[in-house]
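Peer 1: I would like to see how this sequence folds:
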Amino acid sequence: MFQSINLDEILKEDKQLTLTTRTDHDEWFDDLAPDREVSSMGNRIYGVVRDLANGGAPVRGLRVQAWDEDWPDGNDFMGQSYTDDSGIYEIRYRPGHWDRGLGSLPIWNPDIYITVEIKNNRNKWVRIAKSRLYENHPLDRDLRIDIQLNLKDSESVDTQFNPLQHGFHFVNQFKVEPGILGVDLGPWKMGFCGGMCAGALHRFLYRIQIPKITSAPEDGTALHEELMQRQLLSMSPEMLPTMFEWQSAPDYRTRMRKTSIAIRTKDEWPKIKMELDDGRPVILVLIRTRGYFGNPTKNHQVLIYGYEFNPASLDLVLYTYDPAKPDHPQTLDLNLGLPEGKLFLKDSASRTTRGFFVNPAGKRATELKISN
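Peer 2: Predicted coordinates for the structure are as follows:
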């Protein structure tokens, strides 16, 4: 069940904010807070935030911000408050004009909306609700905006894939000896991360025991050939352009490029969730380099086999089999609310992961049959 935030701790962090007494002549509001003084002074936005998933109970410790919509110059911040034990908030804003009409003629009345935020597990505020717009609201009238949330319990899914049982037990590092026009180029070291993910997933889906070897198979062996073929399938023409597009995406939205890698990653979650909810692990491509001309070999592929998701705070943890970390389950920890425009992505196996997408060639690589 959703746990409300400690309001006292929040107020210590924001010493510039003080909660004022919530007052109004509204009968329902008086029933909610009968001991509060009746007042109506204008320049005030107030209301109550309730959780429908908890029987309409008030929610404490949420941050509520008021904004004046002001296109195209950017919205104006009007003030903020935090919900108390009764789920009530109150925001006082300055008098005076907020917008301009034709030429320099002032339009005194703001176009008001509020946002509601919750703190996630990284101690960042995440937006979870936005009200409708109240256009040209008179300054001498209070504005009441109530918000109803649906703060569902955390969700978790485990596909029963276990990296200790279903993952390969050797590190993703292979030796190949390529030749061009009959010229021996000597041994090369390569990674087959996509091939290993697909090979492990194939064996999991078809209940085939994973090899017990702890060293990478040598060039020329059946397993080496299989994993190499799966790797080539996982790097098919439909995946490579996507990877270069993703690694060139900016970390933040810009005027020229509106879709950041954080937004792209957020949009992948429904696809990931659908597969995992159906009991099927998913192969992801992790983007660890940047720019069209960044070294694509720095990117990586992992297999996602489970998740924990908090619909209230939008915190997400993905559980991964990483071929570079055999017998050591890993995690991807991020927030889909994109506080400050960021994922705040933490990859337990690497500090450089910027985002990820579902490998469109992953299923094809997985379906390759094992030759006898």
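
Peer 1: alpha carbons only for contacts and neighbour counts from here, please
Peer 2: Fine.

Peer 1: just checking, what's the longest helix in this protein?
Peer 2: For the chain, the longest helix by residue count, based on DSSP state H, is helix 261-277.

Peer 1: quick one: it to chain centroid distance?
Peer 2: Helix 261-277 sits 8 Å away from the centroid of its parent chain (C-alpha atoms, centre = their mean, to the nearest Å).

Peer 1: what sits up against it?
Peer 2: Residues outside helix 261-277 that contact it (C-alpha atoms under 8 Å, 6 or more residues apart in numbering): 157-159, 246-247, 249-252, 281-282, 305-306, 336, 338, 341-343, 354-358.

Peer 1: if we go to 6 Å?
Peer 2: 249, 251, 336, 343, 355-357 (C-alpha atoms under 6 Å, 6 or more residues apart in numbering).

Peer 1: Tell me the one among these nearest to residue 214.
Peer 2: Top of the list for closeness to residue 214, among those and by C-alpha to C-alpha, is residue 356 at 28.4 Å.

Peer 1: Got the domain ranges for this protein?
Peer 2: If the domains of the chain are taken from automatic domain parsing, they occupy 7-152, 156-367, with pieces of a single domain joined by a plus sign.

Peer 1: per-residue confidence averaged over the last one?
Peer 2: For domain 156-367, mean pLDDT rounds to 91.

Peer 1: again, but for stretch 112-121
Peer 2: Computed over stretch 112-121, the mean pLDDT rounds to 94.

Peer 1: mind giving me a markdown table with the domains of the chain and columns for mean neighbour count?
Peer 2: Below are the domains of the chain laid out as a markdown table (neighbours: other C-alpha atoms under 10 Å):
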| stretch | mean neighbour count |
| --- | --- |
| domain 7-152 | 16 |
| domain 156-367 | 18 |
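
Peer 1: Leaving out the residues flanking it, which one is nearest to residue 326?
Peer 2: Closest residue to residue 326 in three dimensions, ignoring its sequence neighbours and counting by C-alpha to C-alpha, 6 or more residues apart in numbering: residue 169, at 5.3 Å.

Peer 1: Which of the helices or strands spans the one you found?
Peer 2: Here residue 169 is covered by no helix or strand, with elements defined by DSSP states H and E.

Peer 1: One more: residue 160?
Peer 2: Assignment of secondary structure by DSSP H and E places residue 160 within no helix or strand.

Peer 1: Each with direction, which strands does the longest strand along the chain pair with?
Peer 2: Here the longest strand in the chain is taken by residue count, with DSSP state E as the criterion, and it is strand 300-310. In the sheet containing strand 300-310, the strands it pairs with under DSSP bridges are strand 155-158 (antiparallel), strand 282-287 (antiparallel), strand 315-321 (antiparallel).

Peer 1: Kindly provide the distance from the nearest residue to residue 217 once chain neighbours are set aside to residue 150.
Peer 2: Nearest residue to residue 217, sequence neighbours excluded (C-alpha to C-alpha, 6+ apart): residue 224, at 5.4 Å. Applying C-alpha to C-alpha, to the nearest Å, the value for residue 224 to residue 150 is 50 Å.

Peer 1: which residues are in contact with stretch 278-285?
Peer 2: Contacts with stretch 278-285, where a contact means C-alpha under 6 Å, 6+ apart, come from 159, 300-305, 356-359, 362.

Peer 1: before we move on, what about stretch 53-73?
Peer 2: Contact with stretch 53-73 is made by 4-5, 7, 49-51, 75-87, 110-118, 150-152, as judged by C-alpha under 6 Å, 6+ apart.

Peer 1: Report how far apart the opening and closing residues of that stretch are.
Peer 2: From its first residue to its last, stretch 53-73 covers 38 Å (C-alpha to C-alpha).

Peer 1: Then stretch 276-294?
Peer 2: Where stretch 276-294 begins and where it ends lie 31 Å apart, using C-alpha to C-alpha.

Peer 1: then the longest strand of the chain to CSV, C-alphas only?
Peer 2: Provided in CSV are the C-alpha atoms of strand 300-310 (Å, rounded to 0.1, in the frame of the first residue of the first chain):
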residue,chain,number,x,y,z
HIS,A,300,25.4,-3.8,-24.7
GLN,A,301,22.6,-6.3,-24.7
VAL,A,302,21.0,-7.9,-21.6
LEU,A,303,18.0,-10.1,-20.8
ILE,A,304,15.2,-8.7,-18.6
TYR,A,305,13.4,-11.4,-16.6
GLY,A,306,11.4,-9.5,-14.0
TYR,A,307,10.5,-6.1,-12.6
GLU,A,308,9.2,-4.1,-9.6
PHE,A,309,7.1,-1.0,-10.5
ASN,A,310,5.6,1.6,-8.2
